[in-house]
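Q: Sequence first, then the predicted structure:
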Amino acid sequence: MAQTTRSRPVPTDAPVRRRPKDRKAQIALTAAQAFSERGYHAVGVDEIAAALGISGPALYRHFPNKYALLLQAALSTVGSLRAAADAAAAPDASPEDQLDRVLRALIATTVEHRRTGGLYRWEGRYLQPADRELMRADFRALNERLAKPLGRLRPDLGRRDATILAAAALSVVGSITAHRSALANRRIEKLLLATAWGVLRCDLAAAPPAESTIEDPAARGLAVTSKRELLLGEAMKIFHAQGYHESSIEEIGAAAGINASSVYRHFPSKADLLAAGFHRAADRLAVATDDALGASADPEEALRRLSAAYIDLAFARPEVLSVYFAEIGNLPSAERTNLRNVQRLHVEEWVHLLGAVRPELSPVEARFVVHAALGQALDVGRLMRFDVDARTRGQMQAVMLAVLLG
């Protein structure tokens with residue numbers, strides 16, 4: 001009887017490719033990073049698939065379209081924060097210990113996922129209303145994780161003030177997603193924790209009403225007649241409300257009372273309109289900075305004047321500030337580089353002053369603190385509905401100074 005031999009597999013150096021069990025989560029994470037860094041509309045599904053080494057059809061087996069990717073990425077990034085806060089909560093602990101636990105968990109999670117944080121801060125505006133409400137519900141729950149124990153720790157606070165300070169602390173934590181300054185993770189965590197605690201101890205009730213650094217921000221004044229200025233103003237409002245890619249030249253022209261072809265006599269393209277709006281905002285900041293520095297006798301006074309001027313500009317035209325933060329990625333490359341340099345010089349002016357007031361901070365640490373302070377005007381200002389009343393602006397300045405001065 002003949003003996004049979006078992007064939008052996010042919011050796012090969014090629015690795016056996018297996019589909020990861022967490023492929024869907026990998027896709028969502030890659031999409032979140034891309035959307036956060038470059039914007040939802042600037043990223044294609046094929047790019048996300050290529051980054052993972054898979055085909056477009058393979059990606060579509062997990063997500064039917066790009067919007068489904070955005071929704072999963074947005075909800076998972078905010079959901080990870082909520083899960084971290086919920087896990088850290090200790091109902092039997094003291095209010096101070098509860099706050100510290102939740103802050104540490106939120107900071108660690110944000111540092112770990114720093115590259116995706118811009119997604120929930122900016123790109124969530126592209127979510128459909130019902131989906132956006134889901135994300136807002138998570139943010140409200142996060143705010144409550146801080147506001148509730150803060151109210152017990154500081155019974156002098158009313159509900160409104162506790163909510164505002166909780167939002168300010170969350171803004172401090174999220175501020176690292178808006179810039180790429182490098183610092184060791186442990187130092188970032190320590191700095192953010194101390195800064196967030198400084199905000200939670202802020203005394204809003206004692207904040208004096210703010211004196212305006214510009215003409216009455218609530219005053220309407222004379223109507224603008226320049227078509228160019230009208231177009232700029234309406235474009236910023238529409239970009240803020242709908243996002244740059246969802247806005248059209250026809251809509252902007254109609255809002256300014258002119259037809260689309262007339263718009264092109266003032267601005268060659270929609271991108272030129274956006275760039276002009278950015279340059280206008282940068283010019284106003286530069287003038288306000290020069291005025292504040294020229295009227296100050298020392299660095300701390302300069303920071304106080306700068307923060308007041310920044311708040312006045314932000315509250316008078318909140319749509320400009322929102323677009324300034326959210327839409328820079330949609331500028332042409334050369335314009336984007338130029339404006340980022342302008343932004344960097346503006347931040348460095350604050351960093352220089354803060355270093356003189358708080359010499360214990362390194363220049364890099366001071367930069368983190370400045371970014372955290374500047375973000376307050378948008379994050380907390382939105383909660384305050386950008387109310388230009390002197391009392392509200394005074395409280396906003398108290399929060400910014402709590403970040404800056406500790």
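A: Perfect, thanks for sending it. Residues are numbered from 1 along each chain as shown.
Q: domains for this structure, by residue range?
A: 23-200, 207-217+225-405 (automatic domain parsing).
Q: Quick one: distance of the longest one to the chain centre.
A: Domain 207-217+225-405 has its average C-alpha position 13 Å from the chain's average C-alpha position, going by C-alpha atoms, centre = their mean, to the nearest Å.
Q: Kindly report the same for the first one.
A: Relative to its chain's centre, domain 23-200 lies at 10 Å (C-alpha atoms, centre = their mean).
Q: Make JSON lines out of the domains of the chain and add mean pLDDT and mean neighbour count.
A: Backbone N, C-alpha and C define where each C-beta goes, glycine included. Compiled in JSON lines, the domains of the chain are given as follows (pLDDT from 0 to 100; neighbours: other C-beta atoms under 10 Å):
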{"stretch": "domain 23-200", "mean pLDDT": "90", "mean neighbour count": "18"}
{"stretch": "domain 207-217+225-405", "mean pLDDT": "88", "mean neighbour count": "18"}
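Q: Hmm, L404 is touching S307, no?
A: Yes. With contact defined as C-beta atoms under 8 Å, L404 reaches S307; the gap is 7.0 Å.
Q: list the residues that contact both of the two?
A: Listed as contacting both L404 and S307 by C-beta atoms under 8 Å, 6 or more residues apart in numbering are A373.
Q: host element of the residue positioned nearest the centre of the chain?
A: Among the residues of the chain, the one closest to the centroid is R121, at 4.5 Å (C-alpha atoms, centre = their mean). Using DSSP states H and E, R121 maps to helix 117-122.
Q: ok, the residue nearest to the centre of the chain - contacts?
A: The contact partners of R121, by C-beta under 8 Å, 6+ apart, come to 174, 177-178.
Q: Take those residues and keep only those in helices.
A: Judged by DSSP state H, helices contain the following of those: G174.
Q: Redo the contacts of R121 as a markdown table? Include distance to L134.
A: Listed next are the contacts of R121 as a markdown table, based on distance: C-beta to C-beta, whole Å:
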| residue | distance to L134 |
| --- | --- |
| G174 | 18 |
| T177 | 20 |
| A178 | 23 |
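Q: Residues in contact with the strand or helix carrying L230: which ones?
A: Following DSSP H and E, one finds L230 within helix 227-242. Residues from elsewhere that reach helix 227-242, judged by C-beta under 8 Å, 6+ apart: 224, 247, 251-253, 255-258, 262-263, 266-267, 273-274, 276-277, 280, 317-320, 322-323, 327.
Q: how does it look with 6 Å?
A: By C-beta atoms under 6 Å, 6 or more residues apart in numbering, the list of residues contacting helix 227-242 from outside reads 224, 247, 251-252, 255-256, 266, 273, 276-277, 319-320, 322-323.
Q: would you list those in JSON lines and tack on secondary structure and distance to C202?
A: As requested, these are exported to JSON lines (DSSP: H, G, I helix; E, B strand; the rest coil; distance: C-beta to C-beta, whole Å):
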{"residue": "V224", "secondary structure": "coil", "distance to C202": "37"}
{"residue": "S247", "secondary structure": "coil", "distance to C202": "37"}
{"residue": "E251", "secondary structure": "helix", "distance to C202": "41"}
{"residue": "I252", "secondary structure": "helix", "distance to C202": "40"}
{"residue": "A255", "secondary structure": "helix", "distance to C202": "39"}
{"residue": "A256", "secondary structure": "helix", "distance to C202": "41"}
{"residue": "H266", "secondary structure": "helix", "distance to C202": "44"}
{"residue": "L273", "secondary structure": "helix", "distance to C202": "38"}
{"residue": "A276", "secondary structure": "helix", "distance to C202": "37"}
{"residue": "G277", "secondary structure": "helix", "distance to C202": "32"}
{"residue": "E319", "secondary structure": "helix", "distance to C202": "27"}
{"residue": "V320", "secondary structure": "helix", "distance to C202": "26"}
{"residue": "S322", "secondary structure": "helix", "distance to C202": "24"}
{"residue": "V323", "secondary structure": "helix", "distance to C202": "28"}
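Q: Closest to R382 out of these?
A: Nearest to R382 among these: S322, at 8.3 Å, using C-beta to C-beta.
Q: Skip the chain neighbours and tell me the closest residue to that closest one.
A: Leaving aside its chain neighbours, S322 sits nearest to H240 (4.8 Å; criterion: C-beta to C-beta, 6 or more residues apart in numbering).
Q: how much space between the one you found and S247?
A: From H240 across to S247, the span is 9 Å (C-beta to C-beta, to the nearest Å).
Q: do I328 as well
A: For I328, the distance to S247 equals 16 Å [C-beta to C-beta].
Q: How about R186?
A: For R186 relative to S247 (C-beta to C-beta), the value is 42 Å.
Q: quick one: secondary structure of Y244?
A: coil (DSSP: H, G, I helix; E, B strand; the rest coil).
Q: To clarify, my last question referred to H41.
A: For H41, the assignment made with three-state DSSP gives coil.
Q: Got the phi and psi for the closest residue to it other than its chain neighbours?
A: Among residues not flanking H41 along the chain, H245 sits closest, at 4.0 Å (C-beta to C-beta, 6+ apart). Dihedral pair for H245: phi -70, psi -20, per degrees, to the nearest 10.
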